[in-house]
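1. Sequence and predicted structure below; questions after.
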Amino acid sequence: MGISPAVATCIAGDASIVCNWTPNYDSVKYAVSYKLSTSSNWTLVSNKVTATTYTITGLTNDTEYNVCIQSYNGHSWTSTDHYSTV
């Protein structure tokens, strides 16, 4: 299992969150998920991201979210243990 990329920046916008991360050397794609900070259930936004930036839309302003970027190395996904709070 690879190491999740570090979320370099995760910035709240108008009903959105913009995330940028440093790529892993062995990653072929990324998955972007979010959840309310009080929830235990993740919502997968996309698991076909090949860029190192992604905008999550349709969120509620003034609400705290956790955002997780998982990487896929062609064999397995990293866990959701590491995430950013926005």
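-> Here it is on my side, so go on.

2. Tally up the residues packed near residue 62, please.
-> 5 (other C-beta atoms under 10 Å). Using the backbone N, CA and C atoms, a C-beta is placed for each residue, glycine as well.

3. measure it to residue 33 for me?
-> Per C-beta to C-beta, to the nearest Å, residue 62 is found 21 Å from residue 33.

4. count of neighbours near residue 10?
-> Residue 10 has 21 nearby residues by other C-beta under 10 Å.

5. Now find how far off-centre stretch 50-70 is within its chain.
-> 6 Å (C-alpha atoms, centre = their mean, to the nearest Å).

6. what does stretch 25-41 give?
-> 4 Å.

7. Check stretch 71-86 too.
-> 8 Å.

8. In PDB, list the C-alpha atoms belonging to that stretch.
-> Extracted C-alpha coordinates of stretch 71-86, given in PDB (Å, rounded to 0.1, in the frame of the first residue of the first chain):
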ATOM      1  CA  SER A  71      -3.700   7.500  -4.200                       C
ATOM      2  CA  TYR A  72      -3.800   4.400  -6.300                       C
ATOM      3  CA  ASN A  73      -0.600   2.700  -7.500                       C
ATOM      4  CA  GLY A  74      -2.200   0.300  -9.900                       C
ATOM      5  CA  HIS A  75      -2.700  -2.400  -7.200                       C
ATOM      6  CA  SER A  76      -4.300  -0.800  -4.100                       C
ATOM      7  CA  TRP A  77      -5.700   2.400  -2.700                       C
ATOM      8  CA  THR A  78      -4.300   4.200   0.300                       C
ATOM      9  CA  SER A  79      -6.500   4.500   3.400                       C
ATOM     10  CA  THR A  80      -8.700   7.400   4.600                       C
ATOM     11  CA  ASP A  81      -6.700   7.700   7.800                       C
ATOM     12  CA  HIS A  82      -5.000  11.000   6.700                       C
ATOM     13  CA  TYR A  83      -7.200  13.900   5.800                       C
ATOM     14  CA  SER A  84      -7.500  17.700   6.100                       C
ATOM     15  CA  THR A  85     -10.100  19.700   7.900                       C
ATOM     16  CA  VAL A  86     -11.600  22.700   6.300                       C
END
